[in-house]
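Q: Next comes the sequence, and after it the predicted model I'd like to discuss.
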Amino acid sequence: MAFPLWLSALAAAMAAQTVSTFMGQALPVLAPLLTASAGVAPERIGNLSSLSSLASIAYMAFGSPILARLGPVASLQIGTAVAVLGLAVASIGLWPALVAGALLMGLGYGPTAPASSRMLQATAPPAHRSLIFSIKQAGAPAGGALAGLVIAPVATLYGGMPALLLAMAVGALSVAAMNPTRRPLDADRDPTRSIHPRVLFGWRNLAVPFAAIRRAPTLLPLTALAFSFAVLQGALFSFSVTYLTQRGHSLAAAGLAFACLQAAGTVARILLGWVADRTRTAALNLVLQAFLAAAACAAYALMPPDSPLWLVAAIAALAGFFGASWNGIYLAEVARLAPPGAVADATAGSTMLCFMGYVIGPTLFAAAVPVLGWEIPFLLCGAQLALMAAVQGLLLRRR
């Protein structure tokens with residue numbers, strides 16, 4: 001019995017999301033080892049996270065013709081292979097290699113959102129779209145949880161290099177696993193679409209994603225809220241392991257707390273996506289969730305340094321539940337609000353702006369730590385999200 005096409009699309013999209021995040025989170029999980037080996041301050045891991053996000057934005061800005069030419073599954077496979085190459089470069093251990101590796105990994109992650117949205121919007125049953133998008137997005141914290149549960153203990157027992165090799169092997173296997181879905185899901189690709197550098201980097205190509213947003217004005221406030229969520233989530237994902245090790249926890253214990261943060265985000269993405277479908281008030285749900293995420297981030301910042309591991313893990317899980325579970329609902333709303341026939345372009349444009357939160361947030365956080373310590377930057381991340389949620393709530397009332 002053949003699987004429904006939407007189920008094949010969901011399987012391919014979730015595999016790419018999970019594995020890409022697993023590889024991407026290997027650097028933050030190994031941050032205490034990598035930054036020490038490179039001879040830089042531990043908070044510099046935020047710079048690597050920002051560079052990775054910047055490279056993802058670059059793909060979203062210029063990659064629409066590649067997606068149209070190759071199809072979504074082939075784009076995901078190539079992206080995953082580029083991320084594996086990024087890990088290989090980062091494994092050299094020198095700071096320039098870490099920078100180059102982070103850029104390659106971000107470039108490889110770039111196709112994930114637009115390619116997945118194109119597949120799911122075309123195949124998912126409309127009544128369950130928020131849930132299906134959220135299940136796909138649950139792959140991100142699931143990959144992060146696996147990184148905390150697997151990468152940290154392997155690094156503790158055997159060192160950073162075996163941990164990176166394991167992540168690369170998982171990435172290579174996932175490229176092969178996605179291959180059977182290429183024929184049905186890449187059937188609508190346009191093999192005549194030009195991907196000449198003049199086309200890719202031309203002004204017209206860069207303008208396409210933003211033109212799609214301009215045709216749907218309600219996407220702008222939604223994107224602004226997603227940007228604020230990304231600032232908070234970027235801080236949680238980039239700095240949690242380093243933050244906890246600086247407070248005296250071992251790498252394995254910090255990895256466990258990080259896994260709890262990510263696992264809670266996995267459960268919440270599915271649960272809150274289901275709630276959004278049932279209530280049909282996705283935008284309002286995101287506003288309420290933003291306030292709860294800001295409060296959870298404040299609790300994460302203010303927990304006593306000598307807190308037992310169970311309390312640290314519980315607060316980390318609370319922060320992950322509300323602060324790392326908005327993505328699927330957001331992407332489903334983008335797909336719903338996008339102009340007809342422009343889902344991939346609108347997703348690319350909105351996600352580009354959203355991802356600026358992953359660039360700006362960790363960069364400012366890393367700059368603030370030497371001056372303000374670790375707690376105040378986390379509090380500021382929560383405060384800006386609460387403020388944006390208040391503005392978004394007023395706009396919803398007015399509409």
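A: Sure thing, it's come through.

Q: I'd assumed residue 277 was in contact with residue 127.
A: Yes. Between residue 127 and residue 277 a contact is recorded at 7.0 Å, counting by Cβ atoms under 8 Å. Backbone N, C-alpha and C define where each C-beta goes, glycine included.

Q: Same drill for these two, tell me which one is more crowded.
A: residue 277 (20 against 10; other Cβ atoms under 10 Å).

Q: Name the helix or strand for that one, please.
A: Taking DSSP states H and E as the definition, residue 277 sits inside helix 251-279.

Q: Point out the other helices and strands that that helix packs with.
A: Helices and strands touching helix 251-279, by 3 or more Cβ pairs under 8 Å, 6 or more residues apart in numbering; DSSP states H and E, are helix 129-137, helix 139-146, helix 152-158, helix 219-246, helix 282-302, helix 309-323, helix 327-337.

Q: Pull out the buried residues from the helix or strand following the third one.
A: Proceeding C-terminally, helix 152-158 gives way to helix 160-177 as the next helix or strand, assigned by DSSP H and E. Within helix 160-177, the residues scored as buried using 16 or more other Cβ atoms under 10 Å are 160, 163-164, 166-168, 170-171, 174-175, 177.

Q: Show residues contacting helix 160-177.
A: 15-16, 19-20, 22-23, 26, 30, 33-34, 37, 77, 80-81, 83-84, 87-88, 90-91, 93, 147, 150-152, 154-155 (Cβ atoms under 8 Å, 6 or more residues apart in numbering).

Q: In ChimeraX, how would I select just the buried ones from those residues?
A: To isolate the buried subset of the contacts of helix 160-177 in ChimeraX, counting by 16+ other Cβ under 10 Å, use the following:
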select :15,16,19,20,22,23,26,30,33,34,77,80,83,84,87,88,90,91,93,147,150,151,152,154,155
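
Q: what is the mean pLDDT for stretch 44-61?
A: Here stretch 44-61 scores 85 as its mean pLDDT.

Q: Can you show me the CA trace of that stretch as CSV?
A: Extracted C-alpha coordinates of stretch 44-61, given in CSV (Å, rounded to 0.1, in the frame of the first residue of the first chain):
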residue,chain,number,x,y,z
ARG,A,44,32.7,33.5,20.9
ILE,A,45,30.6,30.5,20.0
GLY,A,46,27.8,33.1,19.5
ASN,A,47,29.8,34.6,16.6
LEU,A,48,29.9,31.2,14.9
SER,A,49,26.1,30.8,15.4
SER,A,50,25.6,34.3,13.9
LEU,A,51,27.8,33.5,10.9
SER,A,52,26.0,30.2,10.3
SER,A,53,22.6,32.0,10.3
LEU,A,54,24.0,34.7,8.0
ALA,A,55,25.0,32.0,5.5
SER,A,56,21.5,30.5,5.7
ILE,A,57,20.1,34.0,4.9
ALA,A,58,22.4,34.2,1.9
TYR,A,59,21.0,31.0,0.5
MET,A,60,17.4,32.2,1.0
ALA,A,61,18.2,35.4,-0.7
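
Q: next one: it to chain centre, how far?
A: On the basis of Cα atoms, centre = their mean, to the nearest Å, stretch 44-61 sits 11 Å off its chain's mean C-alpha point.

Q: Leaving out sequence neighbours, find the closest residue to residue 354.
A: The shortest distance from residue 354 to any residue other than its chain neighbours is 4.1 Å, reached at residue 226 (Cβ to Cβ, 6 or more residues apart in numbering).

Q: Next up, the contacts around the one you found.
A: Counted by Cβ under 8 Å, 6+ apart, residue 226 has contacts 326-327, 330, 350, 353-354, 357.

Q: Which pLDDT value goes with it?
A: On the pLDDT scale, residue 226 gets 94.

Q: now do residue 14
A: So residue 14 comes in at 88 (pLDDT).

Q: got it, and the one 5 residues further on?
A: At residue 19, the model reports a pLDDT of 92.

Q: do the same with the one 3 residues further on
A: Here, the pLDDT recorded for residue 22 equals 91.

Q: where's it relative to residue 285, distance?
A: Distance of residue 22 to residue 285, given as Cβ to Cβ, to the nearest Å: 28 Å.
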